[in-house]
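*Asks:* I would like the atomic coordinates for the input below:
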Amino acid sequence: MHGLYLEEFDVGMVIRHPITRTVTESDNMMFSMMTMNPQPLHIDFAFSEKTEWGRPLVNSLFTLGLMIGISFPRHDPRHDDWQSRHNGNRLPASALPRRHCAHRDGGQKRA
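*Replies:* Residues are numbered from 1 along each chain as shown. Model prediction:
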């Protein structure tokens with residue numbers, strides 16, 4: 001499906017996308033924990049019951065990420081071009097310090 005221009009939208013228009021995904025309570029909790037978002041509206045059922053929504057809301061950044069993810073087709077020639085230009089990129093090594101073991105001779109050996 002091609003994208004629409006602002007003038008092509010109508011109030012109340014429903015757009016069905018071929019790619020769908022069920023967002024679970026677990027998805028919302030994990031995303032909120034990974035992004036260190038302690039907002040009780042997302043993670044606290046007792047707090048959320050007292051709001052106008054009556055239950056926890058899905059983290060809006062998670063929703064935005066899903067919308068962006070389904071907006072791009074699986075096979076896009078622009079993506080292939082990006083891949084070929086950035087093929088040597090790798091994720092950095094772990095940020096965690098390496099563990100060292102002390103030995104009787106005073107030297108250290110990596111574990």
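*Asks:* all strands of the chain, in order?
*Replies:* For the chain, the strands defined by DSSP state E occupy 100-102, 108-110.
*Asks:* compare the mean pLDDT across those strands and name the weakest.
*Replies:* Among those, strand 108-110 has the lowest mean pLDDT, at a mean of 53.
*Asks:* ok, now how distant is the nearest residue in space to Met29 that is not next to it in sequence from Ile68?
*Replies:* Using C-beta to C-beta, 6 or more residues apart in numbering and skipping residues adjacent in sequence, the residue nearest Met29 is Ile43, 6.1 Å away. Any C-beta I mention is one placed from the backbone N, CA and C, and that applies to glycine too. Taking C-beta to C-beta, to the nearest Å as the measure, Ile43 falls 23 Å from Ile68.
*Asks:* out of those two, which sits in the busier spot?
*Replies:* Shown here are Ile43 and Ile68; by other C-beta atoms under 10 Å, Ile43 has more neighbours (17 against 9).
*Asks:* so that one touches Pro56, yeah?
*Replies:* Yes: counting by C-beta atoms under 8 Å, Ile43 does reach Pro56; the two are 6.4 Å apart.
*Asks:* what touches both of the two?
*Replies:* Common contacts of Ile43 and Pro56 (C-beta atoms under 8 Å, 6 or more residues apart in numbering): Asn28.
*Asks:* hey, where'd the helices end up in this structure?
*Replies:* 25-34, 40-43, 45-49, 60-71, 77-85 (DSSP state H).
*Asks:* so which of the ones you listed is nearest Leu6?
*Replies:* Comparing the helices of the chain by their distance to Leu6 (C-beta to C-beta), the top pick is helix 60-71, with 16.0 Å.
*Asks:* need the contact partners of the closest one.
*Replies:* Residues outside helix 60-71 that contact it (C-beta under 8 Å, 6+ apart): His17, Ile19, Arg21, Val23, Asp27, Asn28, Phe31, Thr35.
*Asks:* show me how to select, in ChimeraX, the buried members of the residues you listed.
*Replies:* Restricted to buried positions by 16 or more other C-beta atoms under 10 Å, the ChimeraX selection for the contacts of helix 60-71 reads:
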select :28,31
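*Asks:* want to try a markdown table for the contacts of helix 60-71, with distance to Asp10 and pLDDT as columns?
*Replies:* Shown next, in a markdown table, are the contacts of helix 60-71 (distance: C-beta to C-beta, whole Å; pLDDT from 0 to 100):
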| residue | distance to Asp10 | pLDDT |
| --- | --- | --- |
| His17 | 17 | 77 |
| Ile19 | 23 | 78 |
| Arg21 | 26 | 84 |
| Val23 | 26 | 92 |
| Asp27 | 31 | 94 |
| Asn28 | 31 | 94 |
| Phe31 | 32 | 95 |
| Thr35 | 35 | 93 |
